[in-house]
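> Sequence plus the predicted model coming up.
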Amino acid sequence: MNEIQKTYIRNQILTMPMRLDPELTHKNKKFNKRSDYDNIIRYVDNFLDEENINRFLVLPGLRDVGKTTLLFQAYEYLLKEKNISSQNILYFSCDQLKRTGDADIFDVVNYYCETFHNSIIETLSQPVFILIDEAQYDKKWAFNGKLIFDASKNIFMIFSGSSALKLSNNPDAARRLLNIPIYPLTYSQHLKLKYGNFKNDISDSIIQMIFNGQTDNSAEIERQIMYIYSNFNNFNVSEWKNFLQYGGFPSSFYQDNHEITKKIVNMVEKVVTTDMNNIEGINTNTHDLAFQILNYFAFQNPGEVSIGSLSNLFDAKKPLVTKVLNILEKTQLIFHIEAFTSSIKRTTKPHEYFFATPSIKHNLALNMGTAVLEDQTAYFGKLLENYVASSLNNLDNQSSISYKTYYDDSKKKSSDKNVDFIVQRGLEKPIPFEVSCGNKNKSQIKRAIKKYNSPQGVIISNTTSDIVINDNIICIPPEIFAFL
């Protein structure tokens, strides 16, 4: 470490307590906390209770999803609620560190232990907390984290950064660290952060209704949601529509739509031009192809996309297209779902691709001018379908039970259409899902229920403002499903 970096670390120790309020408030109003905060604090408390297995947390996620705020909130919790001395909490950003020289996490922690604890890492005699932002700027972050983890059981670490953390993961470190991906906000998380905390028992009730067919509590679900809305001050009646177009990122609460578009487009550009550079073989041509694919996904209708079609469309070799798609998925910008068919056949079928949150799709399309040219009912149908896909994908990622989402690949007559999704919980019977904005008949969902021998089917549609149960078909308004 050079002298400028040492000065930076000393200043971080001295100034952090004074920076908390400005970083965690807007116009004197304290930020609300997302559910990821509770998850992180649980591991902090376990460590303080001398359970030291999970003491290396890694928070990968898209830029601007709120990871830095989570680190500041964790710092505040340690300082104000657990009365940990500020000298026992080190927060720094590898981005800032790298501007004055090489960013080496091990060297920083070693210097910190020597300067503030008169110790080396191995001989630390009291618990300390290392909170590191933008950790991906240290290319050896995983290895350095492993060295620190192995050297002392008195250090609790949280590394946050862009999804590049997942791209450069180290197999040795993987056995020590606990990945807690930070995803874009769901609609219910958005409401909690923007309007105030509320107890969300509704998610479990919706899951029970969809997958267990427990429809007798539908009126109670509606009552609870109305009660939540009734307690919001200055609630915007267009909140759901605005969320589909501009939500998912906490910073959107304090910006106008034009600023949000610029920020999301800029975020995507940084992911492609900066985060993807952590992978060998990435060059300007690869960047160009990544932008072309993302823009294509932004304006296309949901549907299967083959590697061959993308290869022909962009005059790129199939292995390169495959590589770029895989990297874009690891950055968490997009994800895919596969065909609902046998495991062997599934490997030969094309995938369907969706954005992590519909606002990425909308703002990329808006930036290209395509969003304003489309029929608005059909267009919001595409955004809604993306939201449903991302909600189901997050349910699978964050649940201890498998919720696998597929697209319907059943053979059909030219006049027939498939449902949008097939979701299978564990080894249970699959549940077909249909998503629509505007009127749509029930022939597709009925056909899917019969074909897959499903106990019930689900239609998510804005044609109803209440949950409607008709035989074994459950119709759910999008704003109620959004509490999943």
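Sure thing, it's come through. Just so we're clear, the structure is a prediction, and the values are computed from it rather than from any experiment. Numbers count the residues shown, from 1 in each chain.
> roughly how far apart are the one residue sitting closest to the centre of the chain and residue 357?
By C-alpha atoms, centre = their mean, the mean C-alpha position of the chain lies nearest to residue 183, the distance being 1.4 Å. Distance, residue 183 to residue 357, using C-beta to C-beta, to the nearest Å: 8 Å. For every residue, glycine as well, the C-beta is placed using N, CA and C.
> Flag every buried residue along stretch 383-403.
For stretch 383-403, a neighbour-count test (16 or more other C-beta atoms under 10 Å) marks 383-395, 403 as buried.
> Please apply the same query to stretch 239-248.
239-240, 243-248.
> repeat for stretch 113-125
For stretch 113-125, by 16+ other C-beta under 10 Å, it's 113, 116-117, 119, 121, 124.
> tell me the two of the residues you listed that are most distant?
Taking C-beta to C-beta as the measure, these span a maximum distance of 12.4 Å, between 116 and 121.
> joint contacts of these two?
Common neighbours of residue 116 and residue 121 are not found (criterion: C-beta atoms under 8 Å, 6 or more residues apart in numbering).
> confidence score at the residue of the chain most remote from its centre?
The C-alpha centroid of the chain is most remote from residue 118, which lies 40.0 Å away (C-alpha atoms, centre = their mean). pLDDT, residue 118: 95.
> quick one on the thing from earlier: give the single residue among the buried residues of stretch 239-248 positioned nearest to residue 324.
Nearest member of those to residue 324, counting by C-beta to C-beta, is residue 248, at 22.9 Å.
> Please, which helix or strand holds the nearest residue to residue 368 once chain neighbours are set aside?
Sequence neighbours aside, residue 295 is the residue nearest to residue 368 in space, at 6.0 Å (criterion: C-beta to C-beta, 6 or more residues apart in numbering). Assessed by DSSP states H and E, residue 295 sits inside helix 284-299.
> List the strands paired with the helix or strand following that helix, with their directions.
Following helix 284-299 in sequence order, the next helix or strand is strand 304-305 (DSSP H and E). Using DSSP bridges, the strands paired with strand 304-305 are strand 351-355 (antiparallel).
> Run through who's touching the strand it pairs with.
297-298, 302-305, 325, 333-338, 361, 386, 389-390, 393, 407.
> what mean pLDDT does stretch 274-282 have?
On average, stretch 274-282 scores 73.
> again, but for stretch 351-370
Rounded mean pLDDT across stretch 351-370 is 94.
> same question, stretch 290-297
96.
> Output it as CSV, nothing but the C-alphas.
In CSV, the C-alpha atoms belonging to stretch 290-297 read as follows (Å, rounded to 0.1, in the frame of the first residue of the first chain):
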residue,chain,number,x,y,z
ALA,A,290,-23.6,-8.1,-26.1
PHE,A,291,-25.2,-4.8,-26.8
GLN,A,292,-26.9,-6.1,-30.0
ILE,A,293,-28.3,-9.1,-28.1
LEU,A,294,-29.6,-7.0,-25.2
ASN,A,295,-31.2,-4.5,-27.6
TYR,A,296,-32.8,-7.3,-29.5
PHE,A,297,-34.3,-8.8,-26.3
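> now that stretch, how far from the centre of its chain.
20 Å (C-alpha atoms, centre = their mean, to the nearest Å).
> For it, buried residues please.
Those buried within stretch 290-297 under the rule 16+ other C-beta under 10 Å are 290-297.
> sec struct for the nearest residue to residue 220 once chain neighbours are set aside, please.
In space, and not counting its chain neighbours, residue 220 is closest to residue 205: 7.1 Å by C-beta to C-beta, 6+ apart. Following DSSP: H, G, I helix; E, B strand; the rest coil, residue 205 is assigned to helix.
> how many other residues sit next to residue 306?
For residue 306, the count of nearby residues is 13 (other C-beta atoms under 10 Å).
> no, scratch that, I was asking about residue 193
Residue 193 has 18 nearby residues by other C-beta under 10 Å.
> List of residues touching the host helix or strand of it?
Element membership for residue 193 (DSSP H and E) is helix 187-195. Helix 187-195 is contacted by residues 31-35, 185, 198, 200, 202-203, 228, 232-233, 235, 239-240, 243, 247-248, 250, 253, 387, 479, 482-484 when judged by C-beta under 8 Å, 6+ apart.
> swap in stretch 456-466?
Contacts of stretch 456-466 (C-beta under 8 Å, 6+ apart): 210, 213, 222, 384, 388, 419, 431-440, 442, 445-446, 448-449, 472-478, 481.
> Stretch 39-52 now?
Counting by C-beta under 8 Å, 6+ apart, 54-55, 57, 59, 70, 74, 77-78, 82, 127, 129, 153, 156, 158, 178, 180 sit against stretch 39-52.
> in that stretch, what's buried?
Here stretch 39-52 shows 40-41, 43-44, 47, 52 as buried, counting by 16+ other C-beta under 10 Å.
> Can you report how many residues neighbour residue 203?
If we define neighbours as other C-beta under 10 Å, then residue 203 has 13 of them.
> Equivalent analysis for the one 5 residues further on, please.
Residue crowding around residue 208 was assessed by other C-beta under 10 Å; the count is 14.
> From residue 121, how far out is residue 41?
25 Å.
> Name the nearest residue to residue 308, sequence neighbours excluded.
residue 318 (6.7 Å).
> and the one you found, what does it touch?
307-308, 311.
> Would you list the phi and psi of it?
phi -60, psi -40 (degrees, to the nearest 10).
> Give me the distance between it and residue 304.
16 Å.
> cool, residue 17 as well?
For residue 17, the distance to residue 304 - C-beta to C-beta - is 54 Å.
> now do residue 333
In terms of C-beta to C-beta, residue 333 sits 19 Å off from residue 304.
> One more: residue 158?
Taking C-beta to C-beta, one finds residue 158 at 39 Å from residue 304.
> the more surrounded of those two?
Higher neighbour count among residue 158 and residue 304: residue 158, with 26 against 15, using other C-beta under 10 Å.
> and the nearest residue in space to the more buried one that is not next to it in sequence, what does it touch?
Nearest non-adjacent residue to residue 158, counting by C-beta to C-beta, 6+ apart: residue 57, 4.7 Å away. Contacts for residue 57 were tallied using C-beta under 8 Å, 6+ apart; they are 40, 43, 157-159, 177-178, 180.
> now residue 408
With C-beta under 8 Å, 6+ apart, residue 408 has these contacts: 340, 418-422, 432, 448.
> Could you rerun that using 6 Å?
Residues near residue 408 by C-beta atoms under 6 Å, 6 or more residues apart in numbering: 418-419, 422.
> ok, now residue 473?
So residue 473 contacts 445, 457 (C-beta under 6 Å, 6+ apart).
> so how far is residue 108 from it?
Distance, residue 473 to residue 108, by C-beta to C-beta: 58 Å.
> likewise residue 402?
Counting by C-beta to C-beta - residue 402 and residue 108 are separated by 40 Å.
> which residues does the residue nearest to residue 158 form a beta bridge with?
residue 158, residue 178.
> pLDDT value on it, please?
For residue 57, the predicted pLDDT is 96.
> Confirm for me that residue 135 is in contact with residue 161.
Yes - contact criterion C-beta atoms under 6 Å: residue 135 and residue 161 qualify, at 4.3 Å.
> Quickly list the domain ranges of the chain.
3-182, 189-396 (automatic domain parsing).
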